[in-house]
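Chemist: Have a look at this prediction, sequence included:
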Amino acid sequence: MAGKEEEASRAEIKWNEKAERFETEDREAFLQYHLVQIGEGKTAMDMAHTFVPRSKRGMGIAAKLCDAAFVHARSLSLPVIPTCSYISDTYLPKNPAWSSLVYKEELKSSM
C-alpha cells in the first residue's frame, strides 16, 4: 500500500484551461469544471465531475484534484458550485475550510 501512497503524493496536477479540467500528468484522472454565469457579470466554477481510474483509486488523487481546483477558484475569487457528488459528499465534509467558497444562492435553470 505504501507504494500507491507514494505514487499519489508524487502525482502532479495540471490545469488544462482549454478543456476546463484539472488533471494528472497522464490525463487519466481529472476534475471537470465549467464556468457558469450566476448573475450580472458574475461567474462561478461549477465542479461537475471527478474521475480517477480504478487502478489509481484509494491513493488520494481525487482529493489532490479538488485541492488544486479550490486553490485555483480562490485565487480568482470564484465561488464554487459542487455539482460532483464526490466533492459535495466526501471532499467538502473532510475539508470544511473550503466551504466559504461554496456558492449558496439558488441557481436558475437554463431550461
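Modeler: Here it is on my side, so go on. Numbers count the residues shown, from 1 in each chain.

Chemist: what's in contact with stretch 76-85?
Modeler: For stretch 76-85, the surrounding residues in contact (Cβ atoms under 8 Å, 6 or more residues apart in numbering) are 31, 35-36, 38, 43-50, 69-70, 73, 88, 91-92, 98, 101-103, 107. Just so you know, the C-beta spots here come from the backbone N, C-alpha and C atoms, and that holds for glycine as well.

Chemist: could you flag which of those residues are buried?
Modeler: Of the members of the contacts of stretch 76-85, the ones counted as buried by neighbours, 16 or more other Cβ atoms under 10 Å, are 31, 36, 38, 44-50, 69-70, 73, 91-92, 98, 101-103.

Chemist: before we move on, back to that, among the contacts of stretch 76-85, which are in strands?
Modeler: Among the contacts of stretch 76-85, the members found in strands (DSSP state E) are 31, 35-36, 38, 43-50.

Chemist: These into TSV, with extra columns for distance to Ile13?
Modeler: Putting the ones in strands among the contacts of stretch 76-85 into TSV (distance: Cβ to Cβ, whole Å) gives the following:
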residue	distance to Ile13
Leu31	9
Leu35	19
Val36	22
Ile38	25
Thr43	22
Ala44	21
Met45	15
Asp46	19
Met47	14
Ala48	17
His49	15
Thr50	12
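
Chemist: Just the closest of the residues you listed to Ala19, please.
Modeler: Minimum distance to Ala19 across these is 11.0 Å, recorded for Leu31 (Cβ to Cβ).

Chemist: Now that closest one: closest residue in space, sequence neighbours ignored.
Modeler: Nearest non-adjacent residue to Leu31, counting by Cβ to Cβ, 6 or more residues apart in numbering: Leu65, 4.1 Å away.
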